[in-house]
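Undergrad: what's the 3D shape of this:
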Amino acid sequence: MNTYLLSLLVHITGLAMMSGIVLAGFMANRRFWKIYASDRVRAVAILDLTARFPVAMGIGMLLLLLSGISMMAQVHGVYGEQLWFRIKMIMFLLVIVNGILGRRLGLKMKPVLQAATSGENVSASIEPLKGRLNLFYIIQLLLLLAIFTCGVLKFT
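TA: Here you go, the predicted structure:
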């Protein structure tokens, strides 16, 4: 039982890490756009600050996966038959897919921001990116909330 509880603790820690990084990224993104309009140099500093977020997200995801596999092994796969677990796995896959799409969106944003720094007028191409980034973060936060909810309520 102690091994199971340790795995559960690591599992919750990994999910909390992922959620915290997404929330911090969302807040940094909102702050970035607020500052970007008036001071682009300060805004770029925010991007530098958040550059390591994907590494922390990866560590959280690794903790989540390894501890989840450990717990499944300890309960002999019993969770796999339950509805809450299946929904949780679908949500987790959606977090991964949305994360990949968000990463691609971030890569699209870099050249636009570099062009804006050089003085080009790129406001038409920035607004859609801004809206899509906000949507990405909101979807990630809702999916992570759904994962927490499934894990806590364990409905049938």
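Undergrad: quick check, distance from the helix or strand bottoming out on mean pLDDT in the chain to the centre of its chain.
TA: Of all the helices and strands that make up the chain, helix 40-50 has the lowest average by mean pLDDT, DSSP states H and E, namely a mean of 86. For helix 40-50, the distance from its own C-alpha centre to the chain's C-alpha centre is 19 Å (C-alpha atoms, centre = their mean, to the nearest Å).
Undergrad: From the contact counts, what lies against it?
TA: Applying 3 or more C-beta pairs under 8 Å, 6 or more residues apart in numbering; DSSP states H and E, one finds that helix 40-50 makes contact with helix 2-36, helix 83-117. Every C-beta, even on glycine, is put in place using the N, C-alpha and C of the backbone.
Undergrad: For the first one, list every residue counted as buried.
TA: This means helix 2-36. 7-8, 10-11, 14-15, 17-19, 21-22, 25-26, 28-29, 32-33, 35-36 (16 or more other C-beta atoms under 10 Å).
Undergrad: same question, stretch 48-59
TA: 50, 57.
Undergrad: right, so of the helices and strands packed on helix 40-50, which gets closest to residue 69?
TA: helix 2-36 (8.9 Å; C-beta to C-beta).
Undergrad: Good, we can wrap up now.
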